[in-house]
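Asks: Build the 3D model from these lines:
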Amino acid sequence: MSWLNPVIAVPTIGFLFEPNFGSAAETLAALRSQFEQWHAQGQTLTVTQPHPLSLAVQASSGFTYTIEPHQLVVAFGYRAALNSTGKEIAAVTYSPQPAQFTVLAQRLLETSAEVLARLPAPRRLQRIGIVATGRVPRESPPPGLLRLIQHIGAPWGAAPAGCVARITSVLSQDLDVTEKCHHGFQYEEGPNDGVVQFTLDWQKYYSNAPSLGARELSKRATGCLETALAYFEKFGSGDLQYDD
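Replies: Okay, here's the model as predicted:
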């Protein structure tokens, strides 16, 4: 089981294209049938960022779709609320119902494919990104994150009391593609902050910007998700090379 599944972690997928300067009205028209299908399934849709050339649509399913001339970004997020009954405050509740990260990532692929199928194609693809964002208890981070924190604190002989870090690493590279990952995490000094916030932002860059239809874009996204998840597991297990 993935170390991302037991914690509150959410996925994002992004596609970077050569720009297509269609209007937001044209985008809405292209997506109308998909929106009607989601509405028929009981979802509520809200346009949150109207703009002449772009728009963002938030669905009650937890997904937000941001469509701009140069990119499509689909992100999942929870809405948290404190429910109180009488004089006591109940536990935090999340909407939609919490799900495992790997389950959400597969849903992300499916819903991004639905959107891609209705947008103008082919598009010249420059980059695909897969992001995992979440938090883990400070006293029990995954082995890989603990090892990185200890590695950063090695010059002082102990893990940092507080830390804000962002590390970008090239994972592989050839003439056609480059894979990178941006690793970010932070926690504050003091006993009252008991969590480590983290972001793993895996990116695949295409140097020749291939022109692809919706089906091929979705196929490449599936391959990227598999590769990104494999790297996230490698990072989380502490299976990177350290000199300590």
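Asks: alpha carbons only for contacts and neighbour counts from here, please
Replies: Will do.
Asks: list the buried ones in the lengthiest strand in the chain?
Replies: Determined from DSSP state E, the single longest strand within the chain is strand 123-137. Residues 123-136 are the ones in strand 123-137 that count as buried (16 or more other CA atoms under 10 Å).
Asks: which among the residues you listed gets closest to S218?
Replies: Using CA to CA, I128 comes nearest to S218 of these, at 10.5 Å.
Asks: The closest one touches T222, doesn't it?
Replies: No. I128 is beyond contact range of T222, at 10.4 Å (criterion: CA atoms under 8 Å).
Asks: Please give me every residue in contact with the nearest residue to P11 once chain neighbours are set aside.
Replies: Computed as CA to CA, 6 or more residues apart in numbering, the closest residue to P11 that is not its neighbour in sequence is A132, at 4.8 Å. Going by CA atoms under 8 Å, 6 or more residues apart in numbering, A132 touches 9-12, 199-201.
Asks: before we move on, the earlier item: rebuild the buried residues of strand 123-137 as TSV, extending it with distance to T102 and pLDDT.
Replies: TSV is the format used below for the buried residues of strand 123-137 (distance: CA to CA, whole Å; pLDDT from 0 to 100):
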residue	distance to T102	pLDDT
R123	28	92
R124	28	94
L125	25	96
Q126	25	96
R127	22	97
I128	18	98
G129	16	98
I130	12	98
V131	12	98
A132	10	98
T133	13	98
G134	13	96
R135	16	94
V136	16	94
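Asks: Could I get these in CSV, plus columns for distance to N20?
Replies: Shown next, in CSV, are the buried residues of strand 123-137 (distance: CA to CA, whole Å):
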residue, distance to N20
R123, 8
R124, 10
L125, 12
Q126, 13
R127, 15
I128, 17
G129, 19
I130, 22
V131, 24
A132, 28
T133, 29
G134, 32
R135, 36
V136, 39
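Asks: Out of the residues you listed, which is nearest to F101?
Replies: Using CA to CA, the buried residues of strand 123-137 come closest to F101 at A132, 8.4 Å.
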